[in-house]
Every structure is written in structure tokens, then in C-alpha cells.
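with the sequence up front, the predicted model follows.
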Amino acid sequence: ISCSTSEPQGFCAVGYESDCGLSSEKILIKGGTVVNAHRKEVADVYIEDGIVVSVRPNIKVGDHVKIIDATGKYVMPGGIDPHTHLEMEFMGTVTIDDFFTGQAAALAGGTTMHIDFVIPVNGNLSAGFESYMNKAKKAVMDYGFHMAITKWDEGVSKDMELMVNEHGINSFKFFMAYKGSLMIRDELLLQGLQKCKSLGAIAMVHAENGDAVAEGQKRMIDLGITGPEGHALSRPPVLEGEATARAIRLANFVNTPLYVVHVMSIDAMEEIAKARKAGQRVIGEPVASGLILDDSWLWHPDYTTAAKYVMSPPIRTSGHDKALQAALSTGVLQLVGTDHCAFNSTQKALGSEDFRKIPNGVNGIEERMHLIWDKMVESGQMTVTDYVRVTSTECAKVFNIYPRKGAILEGSDADIIILNPNASFKIAAASHHSRSDTNVYEGTKGKGKVEVTISQGRVVYEDGKLKVTPGSGRYIRMPPFGYLFDGIEKADAAYFASLNAPIQRTKSAA
Ligand SMILES: C[C@@H](CNC(N)=O)C(=O)O
Ligand SMILES: [Zn+2]
Ligand SMILES: [Zn+2]
Ligand SMILES: [Zn+2]
């Protein structure tokens, strides 16, 4: 594959070429089954200048139009991954995939947008935003940002307003774990929830009790358990359930929507189910690893194999995965992320003497669409329209960029995938597009294969080849006050009215 000089850092990423001559293609996708979250239909899709122009049967076009025959295949909105960490400094190293390789991997796997987490620089949000906009200069597809809040003061509170009003950020993540690094305590969480509410921004939590995790880690080390299995044993589901319940209750007390990221256990899922049944606006996001894997790998005798499965909250024992699948297929959990936070085997070896030093995170940004198709649709647990909802549409709705994203409707961005249900996929580090030398889904095979990916109206993946251009990715601003905020003020008004009802009290006799 020819390496054009425009590739950043001079490296040559084998398997794809970047062509500079970006033509705004005219594309007609013929005869496919077009699937949106609300319906599926056999129809053609005509794309011009990066936008979906029409969706109906038997579209006639002139010449200079690229025709793609999608007969017998599904034409769906490209996946949107709500949870990734590209080029993130963490635990003394930096995630191995950056905005070029991570996004190339995403496109090869049928994901056409992701929302990454900006980590403030020494707690400074603006510095963090600038740093991530820099990282994203090599982007090859559209992306958005959440912002992590790792400390609290007047400056942070002011900066949150700036992020929402100036920079198109509408979600803030609070880590209740990672004591001594990213963790914040309830007092800050409460302030953060109230600030998010006032800004119409979604509060997101990493829900584990960080103090108890630290105790659990000490317990394992004192017992001489220093291997990757110690990671799972040190932070059991009960610690995820406790923090999930606490965050849910505090969000209830503030009366603001809550988004629980990487729901990994039955304990956390059931807290979310209970809150939703009571009418509270809580979004639960399982991730591919928690839906597909179990933690037996952490006991694998080979350290490199075991360490690659270390993430937080931990991948749980067999059974949690099935329960999370059922929760996803029935709407108890609403959308699937990956938490792509990849480290190669050399980086994972940082913890070979002490599991507390193993960089936490697994891959997923390339595998999500295939794994969820095979595990949920091919298995009969989920309809194709629900597949589109959980992999793309719900994310666009929650983060207020629907129907520009997450739909194949006239006027939507032309971010589209064509999936062949009769083809199959096989996952291997040798053929994936991540820079990592390991893959937690190594050897996994399944039915359903994304054969074409169209991003911004251009074919960027076809016949197993990527045609991506660093710098062509766009930052997508996400406005505040998405649908989760509809009606919140009415509930508040009723609440405050109930408080101000005058109480006629007789004077006490004394
Ligand atoms: C740091 C980041 C990714 N790592 C992980 N989940 O283990 C997260 O906690 O979401
Ligand atoms: Zn190259
Ligand atoms: Zn997390
Ligand atoms: Zn994460």
C-alpha cells in the first residue's frame, strides 16, 4: 500500500492509503434494506456532498454517480460510540490508539462517530479542551467530546459554562473511583450535578466506590495476590452497585438526568432498572466487553493474556454478561459503548508485579458493531431496528445531535454502513487496525460483516481496504438541553410549589 507523505508522524499504517484528492462523491446505494431505529424498508439511498438527499425505492440518477448494490444487505446509520479514550494519559502511560489509528479502526468496524473523554490538564478544563483539540488534528472521522471533572473550584464551575456555551460540550463525567487520581467525592459530585442541571448538560458517572476499592486492593496485596485476578477480586460488583445507587439517589435529590457509563454488573443494572421504573431519568450504558466476555481470562496462567482483560469496573463472572444482554434487549439499558482504552502488552506489563499498576482498559472501537450484531441480532435477542437504536440512534438523541447523526433521513449526515448478514467476521490482532499487539476478542468469529463504511458522504472502507485522510475528521458540537431535560423544570416547579405551601401553625402555648 503506498504511503503518502501526508500521514502524520511519518508512520505507515499498513492496510490503507490516504488519498489527498477528496472528491465530494455522489453515491447511490441500491436495493438494500434501509434500517432506522423507527423502521426498516427496502429503499435506495442517494447521497451528495456528504448529506443524505433521498431515501425511497427506485431512485434514478445521472452519470458520475458511484452505484453500490446493497441487495440482500442492511443499510444502516454508522455506529456512534459514546465512550472512548484515544491518546489518553493514564496510569503512567498513554493509550496506544490515537485519533488516527483509533478512528481508522472504528471506520473499519462500522463506527462513523465517537465521543471521547477530555481529561482536564491539572484540573483545568480549557487546557484540557485545547490539548484534545490538538490530539484530534489527525482525525479521519467525526467526533465529539465529553469533559471529565477531576476537581472542583469556582474556576471549574465557570469553565463548565464555557465548555457548554462556547465549545459544544454537553456532558461531564465524574469518576467515583481511581482514588488519588481521577476520583472525586460526594460533595464535589453534588456540586457537579447541580452545575450540570443549570447548564442542561448530562452528568455521567464512573460508578465504583473508590475508597472501598482501595481497601479491596490492599486486602489482595496483603494476601499476596498480585496477579490480574487480584484486580477483579479487589473490586466486586457490590462496589459498583453501591456507587451506582448513590449516584442515582444524588441525581434524584438534585432532579437532573444521570448517565451511568460502562455498566458491568447485575448489581449496577438493577439499580438503574429500579430508578427507571420509578420514573427517574437514568441512562445505562453497557460496553462490548461487559456484554461479551467473562472474567475467567483474568485467571489465565499467561500474564500477557490475563492482563489485557484488566479494566474498571472489572469484567464480571459468567452470568453478568447474559443479564446485561437481556437488559439491553429489553430497554433497561439504552445504548452500547466500548470504553476503548487500549494498551499494548508492553504497557500492560507495567503491572506484572502488582495488578494495581496494570493500565486499566480494553479495546473495542473496531469490534463493537460486529459483536453486538452477532450476539444480539443473529442470536434472535434483538431486532435490526433495535440494533440501530442501541449502536447509533440513542446516542445521537441523548447527546442532542439527532437526526443529523444516528439516522438515514433526508438531510442527515451521510454516515452509513452496509452490513452483509450472510458474511462472517473473525477478530485477530494480526488484522485489526488498532496499534495494540493484543485484542481481548482474539479469535472470536461471528455472523454479519460490515462491507462498506461511508463517512461524511465518502466511501472510506470497502473490500477490506480503508481510504482515510488525516485531518478530514470534524469536531461535532453537541448542544445542551437534550431530550432528557424536557419537563425537568415542570417537576421542579411542582416540587418548589409544594414546599412553599404556607403552614398555618397555632402558636405554642408555652
Ligand atoms: C479510565 C477509563 C478507561 N479504563 C477502564 N475503564 O478501565 C474509564 O474508567 O472509563
Ligand atoms: Zn502508509
Ligand atoms: Zn470509567
Ligand atoms: Zn472510559
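Noted; the coordinates are in hand. Numbers count the residues shown, from 1 in each chain. Ligands and ions are numbered 1, 2, ... in the order given.

so where is this structure shaky, pLDDT-wise?
1-24 (pLDDT under 70).

count of neighbours near Val384?
18 (other CB atoms under 10 Å). All C-beta spots, glycine's among them, are computed from the backbone N, C-alpha and C.

so it touches Lys40, yeah?
Yes: counting by CB atoms under 8 Å, Val384 touches Lys40, with 5.9 Å between them.

give me the common contacts of the two.
Thr33 (CB atoms under 8 Å, 6 or more residues apart in numbering).

how about the stretch 101-250 of the chain: which residue is closest to ligand 1?
His206 (5.0 Å; CB to the nearest ligand atom).

in contact with the closest residue to that residue other than its chain neighbours, which residues?
For His206, ignoring the flanking residues on the chain, the nearest one in space by CB to CB, 6 or more residues apart in numbering is Phe175 at 4.5 Å. By CB under 8 Å, 6+ apart, the residues touching Phe175 are 148, 150, 182-184, 205-206, 210.

kindly reformat those as CSV containing neighbour count and distance to Asp44.
CSV is the format used below for the contacts of Phe175 (neighbours: other CB atoms under 10 Å; distance: CB to CB, whole Å):
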residue, neighbour count, distance to Asp44
Ala148, 21, 43
Thr150, 23, 49
Leu182, 20, 48
Met183, 20, 52
Ile184, 22, 50
Val205, 26, 43
His206, 25, 43
Gly210, 23, 52
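
show me which residues of the stretch 51-200 of the chain sit near ligand 1.
85, 90 (CB under 6 Å from any ligand atom).

recalculate using a threshold of 8 Å.
Counting by CB under 8 Å from any ligand atom, the residues of the stretch 51-200 of the chain close to ligand 1 are 83, 85, 88, 90, 117, 175, 177-178, 182.

neighbour-wise, which one of the residues you listed leads?
His83 (28 neighbours).

what strand or helix carries that one?
Element membership for His83 (DSSP states H and E) is strand 79-84.

just checking, what packs against that strand?
Judged by 3 or more CB pairs under 8 Å, 6 or more residues apart in numbering; DSSP states H and E, strand 79-84 is in contact with helix 101-108, strand 111-118, helix 368-372, helix 394-398.

one more time with 7 Å, if that's ok
With contacts taken as 3 or more CB pairs under 7 Å, 6 or more residues apart in numbering; DSSP states H and E, strand 79-84 sits against strand 111-118, helix 368-372, helix 394-398.

which parts of the stretch 1-150 of the chain are strands?
16-17, 26-35, 40-48, 51-56, 66-69, 74-77, 79-84, 89-90, 93-94, 111-118, 142-149 (DSSP state E, counting those that start in this stretch).

do a quick rundown of the helices in the stretch 101-250 of the chain.
101-108, 125-135, 154-165, 186-199, 210-222, 228-234, 237-254 (DSSP state H, counting those that start in this stretch).

nope, the stretch 351-500 of the chain is what I was after
Using DSSP H, counting those that start in this stretch, helices in the stretch 351-500 of the chain cover 368-372, 384-388, 394-398, 488-500.

quick one, the last one and helix 186-199 angle?
It refers to helix 488-500. Per axes from the mean of the first three to the mean of the last three CA atoms, to 10 degrees, the angle that helix 488-500 makes with helix 186-199 is 120 degrees.

does stretch 83-100 reach ligand 2?
No: in terms of CB under 5 Å from the ion, no part of stretch 83-100 sits within range of ligand 2; the closest distance is 10.7 Å.

show me the contacts for the closest residue to ligand 2 within the stretch 151-300 of the chain.
Nearest residue of the stretch 151-300 of the chain to ligand 2, counting by CB to the ion: Ala288, 27.9 Å away. By CB atoms under 7 Å, 6 or more residues apart in numbering, Ala288 lies in contact with 336, 338, 364, 367-368, 371-372.

please repeat the previous calculation with a cut-off of 6 Å.
Residues near Ala288 by CB atoms under 6 Å, 6 or more residues apart in numbering: 338, 364, 368, 371.

do Gly31 as well
Taking CB under 6 Å, 6+ apart as the test, what Gly31 contacts is 70-71.

could you redo the last one with a cut-off of 10 Å?
Applying CB atoms under 10 Å, 6 or more residues apart in numbering, we find Gly31 in contact with 42-44, 57-58, 68-73, 75.

export stretch 406-416 to PDB, keeping only CA atoms.
Provided in PDB are the C-alpha atoms of stretch 406-416 (Å, rounded to 0.1, in the frame of the first residue of the first chain):
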ATOM      1  CA  GLY A 406     -27.900   8.400  14.100                       C
ATOM      2  CA  ALA A 407     -30.400   8.200  11.200                       C
ATOM      3  CA  ILE A 408     -30.700   7.800   7.400                       C
ATOM      4  CA  LEU A 409     -33.200  10.500   6.700                       C
ATOM      5  CA  GLU A 410     -33.200  13.300   4.200                       C
ATOM      6  CA  GLY A 411     -30.800  15.900   5.400                       C
ATOM      7  CA  SER A 412     -28.900  13.600   7.800                       C
ATOM      8  CA  ASP A 413     -25.100  13.400   7.500                       C
ATOM      9  CA  ALA A 414     -24.200  10.600   5.200                       C
ATOM     10  CA  ASP A 415     -22.500   8.300   7.800                       C
ATOM     11  CA  ILE A 416     -23.700   4.900   6.600                       C
END
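
now do the buried residues in it.
406-408, 412-416 (16 or more other CB atoms under 10 Å).

try stretch 381-401
Neighbour-count burial for stretch 381-401 [16+ other CB under 10 Å]: 381-382, 384, 386-401.

and if you look at stretch 179-198?
Neighbour-count burial for stretch 179-198 [16+ other CB under 10 Å]: 179, 182-184, 188-189, 191-197.

count of neighbours near Ala509?
Close neighbours of Ala509, defined as other CB under 10 Å, add up to 4.

can you tell me how far it is from Lys375?
71 Å (CB to CB, to the nearest Å).

do the same with Trp152
Trp152 is 40 Å from Lys375, by CB to CB.

before we move on, what about Gln194?
For Gln194, the distance to Lys375 equals 39 Å [CB to CB].

which non-adjacent residue is nearest Leu335?
Using CB to CB, 6+ apart, the closest residue to Leu335 is Glu394 (4.1 Å).

next: Ser296.
Using CB to CB, 6+ apart, the nearest residue to Ser296 is Ser318, at 7.1 Å.

list the contacts for that neighbour?
Ser318 neighbours (CB under 10 Å, 6+ apart): 293-296.

let me know the closest of these to Leu162.
Leu293 (39.1 Å; CB to CB).

give me the distance between the closest one and Gly364.
For Leu293, the distance to Gly364 - CB to CB - is 10 Å.

quick one: which of these two has more around it?
Gly364 (31 against 21).

so the more buried one touches Ile292, yeah?
Yes: with contacts counted by CB atoms under 10 Å, Gly364 reaches Ile292, the gap being 9.1 Å.

any shared contact partners between these two?
Counting by CB under 10 Å, 6+ apart, the residues touching both Gly364 and Ile292 are 371, 440-441.

which among those residues gets closest to Tyr132?
Val440 (25.1 Å).

neighbours of the nearest residue to that closest one once chain neighbours are set aside, just the number please.
With CB to CB, 6+ apart as the criterion, Val440 has its nearest non-adjacent residue at 4.7 Å, and that residue is Val362. Counted by other CB under 10 Å, the residues lying close to Val362 total 26.
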